[in-house]
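>>> Here is my input; please provide its structure:
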Amino acid sequence: MKKIVFMIGAVIVFLTGVLILSIHVDFRHEEEDNQEMTQKVEFVEVIDGKIRIDEVYTTLGVPSDSVYVTREVLGEKTVVSVFDKESQTYLFGFEEEGTNPNARGAYTKTVSKITSSNGAEAKLQMVLECYQDSNHRQINKIKSTKWIAVSGSILECEYTSYISDKNDQGVGTKARMFGTVKMKKGSDSNIWTSIDHTYSLD
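Prediction:
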């Protein structure tokens, strides 16, 4: 009988040790994951009202002393988020994604600005056909522009875009997009928001 009690006690001690070790390992892995995630996020410097998303620059559009800006690389996409300093709340964001230049120096850049209103969130996205060589980069044309619902649904929208510093050859380094969207979120089907933004290769 004593032998059985001893064996049961030994098993309980063993299982307790395994459980504690498992919790410790899981906690350490979670800590490592958090550290890895933290390393992906960096603060973005605002210079003369402008920020760099990845390779593309854009104006911040709000006073830089009232916000802080972060950048995070998620696979092929770079996401920039703008937060209010006082309340720590998310205000709006930018995204950039692109292809590598081919043998002729042509590549694609997709840029977006994300905006929200009354819980509905949407982004205005513009796809640029670009070119680069050893001396400069340029926007050859705008391939597409569209609104995309992030949270809620789009009821109606309008948008336009163009190369804002187009030269005699029809190319430039700056592209402007602007538009208005009406959205529905929950029972609210009259949420309006707009975006007017310019992106630059330099």
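>>> buried stuff in stretch 166-176?
171, 172, 173, 174, 175, 176 (16 or more other C-beta atoms under 10 Å). No exception for glycine: its C-beta is placed from N, CA and C like everyone else's.
>>> Mind putting these into CSV with pLDDT, secondary structure and distance to residue 201?
Shown next, in CSV, are the buried residues of stretch 166-176 (pLDDT from 0 to 100; DSSP: H, G, I helix; E, B strand; the rest coil; distance: C-beta to C-beta, whole Å):
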residue, pLDDT, secondary structure, distance to residue 201
171, 97, coil, 11
172, 97, strand, 9
173, 97, coil, 4
174, 98, strand, 8
175, 98, strand, 9
176, 98, strand, 13
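>>> want to try a markdown table for these, with distance to residue 82 as columns?
Shown next, in a markdown table, are those (distance: C-beta to C-beta, whole Å):
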| residue | distance to residue 82 |
| --- | --- |
| 171 | 30 |
| 172 | 26 |
| 173 | 23 |
| 174 | 21 |
| 175 | 20 |
| 176 | 19 |
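>>> pLDDT score assigned to the residue nearest to residue 188 when sequence neighbours are not counted?
Closest residue in space to residue 188, ignoring its immediate chain neighbours: residue 118 at 5.9 Å, by C-beta to C-beta, 6 or more residues apart in numbering. Looking at residue 118, its pLDDT stands at 94.
>>> So residue 118 is in contact with residue 190, correct?
No. Assessed by C-beta atoms under 8 Å, residue 118 is found out of contact with residue 190, at 9.2 Å.
>>> Now do the strands in this protein.
Using DSSP state E, the strands of the chain run over 41-43, 50-52, 57-59, 67-74, 77-84, 90-98, 106-117, 120-132, 137-151, 153-163, 174-185, 188-200.
>>> Give me the helices and strands touching the longest one, please.
Right, strand 137-151. When contacts are defined as 3 or more C-beta pairs under 8 Å, 6 or more residues apart in numbering; DSSP states H and E, strand 137-151 packs onto strand 106-117, strand 120-132, strand 153-163, strand 174-185.
>>> From the rest of the structure, what touches it?
106, 108, 112, 114, 116, 119-132, 154, 157, 159-163, 170-175, 177, 179, 181, 183, 185, 201-202 (C-beta atoms under 8 Å, 6 or more residues apart in numbering).
>>> got it, and the first one?
Contacts with strand 41-43, where a contact means C-beta under 8 Å, 6+ apart, come from 68, 69, 70, 71, 72.
>>> and which of these is nearest residue 88?
Of all the contacts of strand 41-43, residue 88 sits closest to residue 68, with 9.0 Å by C-beta to C-beta.
>>> So the closest one versus residue 139, what's the distance?
According to C-beta to C-beta, to the nearest Å, residue 68 and residue 139 sit 30 Å apart.
>>> quick one, which of the two is more surrounded?
Higher neighbour count among residue 68 and residue 139: residue 139, with 23 against 15, using other C-beta atoms under 10 Å.
>>> for the nearest residue to residue 82 once chain neighbours are set aside, what are its contacts?
Of all residues not flanking residue 82 in the chain, residue 91 sits nearest, at 4.8 Å (C-beta to C-beta, 6+ apart). By C-beta under 8 Å, 6+ apart, residue 91 lies in contact with 62, 67, 82, 83, 84.
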